[in-house]
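# predicted coordinates and the sequence they were generated for:
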Amino acid sequence: MKKFAAIVLCLIMVLSLVACGGKKENDKTVYKITYANTTADANPQAINAKWLAERAKELSGGRLEITVFNNNKLGAFSDCFAQMQLANGTVQMGDVSPASVTQFSTAFTPYSLPFLFKNAKQSFDFFDKSDSVKKSEDEFLKATNVRVLGYFYNDARALTNGKKAVATPEDMKGLKLRVMTSDVYIKTFESLGAAPIGMQFSELFSALQTGTVDGQDNGLILSMDSKFNEVQKYYTDLGHVQDTSVIFISEEFWKTLPEDLQKVLKQAVEEAVAKERQEYLDKLDSYLTEMKKTMEVTILTDEQRAAFKDACQPVYDWYRGAFTQYDIDAIMADIAKY
């Protein structure tokens with residue numbers, strides 16, 4: 001009996017060591033993440049997506065390994081997003097303007113309404129702190145199985161075109177403009193008399209080059225980094241949307257991460273967002289100076305911008321009727337707090 005008890009005790013000790021070894025091995029698991037981005041490598045979003053990857057690796061002791069693919073290297077973002085929805089998709093993370101994914105959920109459409117925010121800081125505070133945004137995130141997650149981790153800045157959206165200088169709503173008449181595949185963007189430019197065409201960003205440069213479209217609406221830095229100044233002649237600082245680029249992660253993948261790595265990834269995102277926003281704002285003046293070398297730049301006065309805002313008011317009437325599930329007046333009151 002003593003010999004049998006000794007054997008049993010040895011077996012228990014061996015099994016305990018194996019169990020401890022398995023746990024230790026699990027603690028060293030490397031979680032690999034593929035990250036998709038639409039912006040050129042020189043853009044603050046692209047730069048800080050890679051910084052986020054480095055920071056996550058550092059904070060996790062190498063357990064989070066994020067590979068970033070900028071400049072549409074993985075194809076149209078809608079296809080990348082569809083991969084995030086899957087349990088074993090080939091893309092786990094990415095960032096893009098929320099108007100680019102309205103075919104998956106309309107939760108973020110209120111924030112694309114024209115002239116909703118006064119300035120960049122107001123939009124930063126709103127997206128970081130607002131209960132309205134938290135409700136949008138919850139709705140988005142439920143509809144898409146994709147989680148929101150944070151918000152890069154995507155600049156105040158502006159207008160470029162190859163036809164004529166634009167300083168009034170009347171100047172927009174007949175311009176064929178590429179817009180994101182969002183009903184709000186389409187209605188906005190229709191209200192200004194333009195002819196908006198929904199198109200993926202990955203197709204835009206060639207469409208401008210061939211004249212398929214006359215112009216587009218993206219921020220100053222994104223337009224320059226994407227070399228649109230090579231195929232466009234005129235720029236107007238329209239500022240109709242203080243845009244964000246939402247950082248997404250697959251919910252199925254998120255649930256596989258241990259809690260400590262979820263916290264690490266959240267921290268890395270928070271730090272990258274703060275860094276990206278400041279870098280964006282710091283670069284605006286130098287980018288504008290560079291743009292003026294190759295394009296005719298129109299800086300709107302307050303009165304001129306007010307005329308565009310007034311022309312866009314029918315968009316709000318349409319939105320209230322088309323999206324009755326969202327209380328846009330309550331959202332606007334929430335924005336006014338910041």
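Cool, the structure landed. Numbering: from 1, shown residues only.
# got the buried residues for the longest strand seen in the chain?
Of all the elements of type strand in the chain, the one with the most residues (DSSP state E) is strand 146-156. Buried residues in strand 146-156, counting neighbours by 16 or more other C-beta atoms under 10 Å, are found at V146, R147, V148, L149, G150, Y151, F152, Y153, N154, D155, A156. Every residue, glycine included, has its C-beta placed from N, CA and C.
# who is the first one paired with across the strands?
Judged by DSSP bridges, the bridge partners of V146 are S250.
# tell me who's in contact with it.
When contacts are counted by C-beta atoms under 8 Å, 6 or more residues apart in numbering, V146 touches F81, M84, Q85, F104, F140, F248, I249, S250, E251.
# can you do 10 Å?
Taking C-beta atoms under 10 Å, 6 or more residues apart in numbering as the definition of contact, the neighbours of V146 are 81-82, 84-85, 93-94, 101, 104-105, 140, 246, 248-254.
# go through those and flag which are in strands.
M93, G94, V246, F248, I249, S250.
# type out the ChimeraX command that picks the buried ones from those residues.
Selection of the buried residues among these in ChimeraX, burial being defined by 16+ other C-beta under 10 Å:
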select :93,94,246,248,249,250
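# quick check: the farthest pair among the ones in strands among the contacts of V146?
Of all pairs drawn from the ones in strands among the contacts of V146, the greatest distance, 13.7 Å, lies between V246 and S250 (C-beta to C-beta).
# identify the contacts common to the two.
G94, V146.
# which helix in this protein runs the most residues?
Secondary structure of the chain per DSSP state H: the longest helix is helix 259-291.
# now do it against strand 146-156, angle only.
Regarding helix 259-291 and strand 146-156, their directions subtend 20 degrees when assessed with axes from the mean of the first three to the mean of the last three C-alpha atoms, to 10 degrees.
# got the contact list for whatever helix or strand comes next after helix 259-291?
Scanning forward in sequence from helix 259-291, with DSSP states H and E defining helices and strands, the next element found is strand 296-298. Residues from elsewhere that reach strand 296-298 (C-beta under 10 Å, 6+ apart): 158-160, 164-167, 171, 220, 232-238, 288-289, 291, 304.
# so among those, which ones count as buried?
Buried members of those, counted by 16+ other C-beta under 10 Å: 158-160, 166, 171, 220, 232, 234-238, 288, 291, 304.
# low-confidence ranges in the stretch 201-338 of the chain?
Using pLDDT under 70 as the threshold, the predicted model of the stretch 201-338 of the chain has no low-confidence range.
# if you could redo that for the stretch 1-150 of the chain, that was the one I meant.
Across the stretch 1-150 of the chain, the stretches falling below the confidence threshold (pLDDT under 70) are 1-27.
# what are the ranges of the helices in it?
Here the stretch 1-150 of the chain has its helices, by DSSP state H, counting those that start in this stretch, at 2-27, 44-59, 77-84, 120-129, 131-144.
# list the contacts of the last one.
Outside of helix 131-144, the residues that reach it under the criterion C-beta under 10 Å, 6+ apart are 81-82, 84-85, 98, 101, 104-111, 126-127, 130, 146-149, 151, 244, 246, 248, 250-251, 254, 325-327, 330-335.
# which positions within that helix qualify as buried?
Applying a neighbour-count criterion of 16+ other C-beta under 10 Å, the buried positions in helix 131-144 are S132, V133, S136, E137, E139, F140, L141, T144.
# so T236 makes contact with A156?
No. Using C-beta atoms under 10 Å, T236 is not in contact with A156, being 11.4 Å away.
# which neighbours do those two share?
Shared contacts of T236 and A156, defined by C-beta under 10 Å, 6+ apart, are absent.
# follow-up on the earlier one: now the buried residues of helix 131-144 as CSV including distance to E203?
Compiled in CSV, these are given as follows (distance: C-beta to C-beta, whole Å):
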residue, distance to E203
S132, 32
V133, 30
S136, 28
E137, 29
E139, 29
F140, 25
L141, 29
T144, 23
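# now, which of the contacts of strand 296-298 lie within helices?
Under the assignment DSSP H, these contribute L220, L288, T289, M291, Q304 to helices.
# which of the residues you listed sits closest to G193?
Within the ones in helices among the contacts of strand 296-298, distances to G193 taken as C-beta to C-beta reach their minimum at Q304, with 15.6 Å.
# just give the nearest non-adjacent residue to the closest one, would you?
In space, and not counting its chain neighbours, Q304 is closest to A167: 5.9 Å by C-beta to C-beta, 6 or more residues apart in numbering.
# which pLDDT does the model give the one you found?
Per-residue confidence (pLDDT) for A167: 98.
# who touches it in this structure?
With contact set as C-beta under 10 Å, 6+ apart, A167 has these partners: T236, T298, I299, L300, T301, Q304, A307, F308.
# go again using 7 Å as the cut-off
Residues touching A167, when contacts are defined by C-beta atoms under 7 Å, 6 or more residues apart in numbering, comprise T236, T298, L300, Q304.
# rebuild these as a markdown table, extending it with distance to K57.
Output for the contacts of A167, formatted as a markdown table (distance: C-beta to C-beta, whole Å):
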| residue | distance to K57 |
| --- | --- |
| T236 | 41 |
| T298 | 44 |
| L300 | 43 |
| Q304 | 47 |
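# and the nearest residue to I299 once chain neighbours are set aside, what does it touch?
The spatially closest residue to I299, leaving aside those adjacent along the chain, is D237, at 5.4 Å (C-beta to C-beta, 6+ apart). Contacts for D237 were tallied using C-beta under 7 Å, 6+ apart; they are A158, I299, L300.
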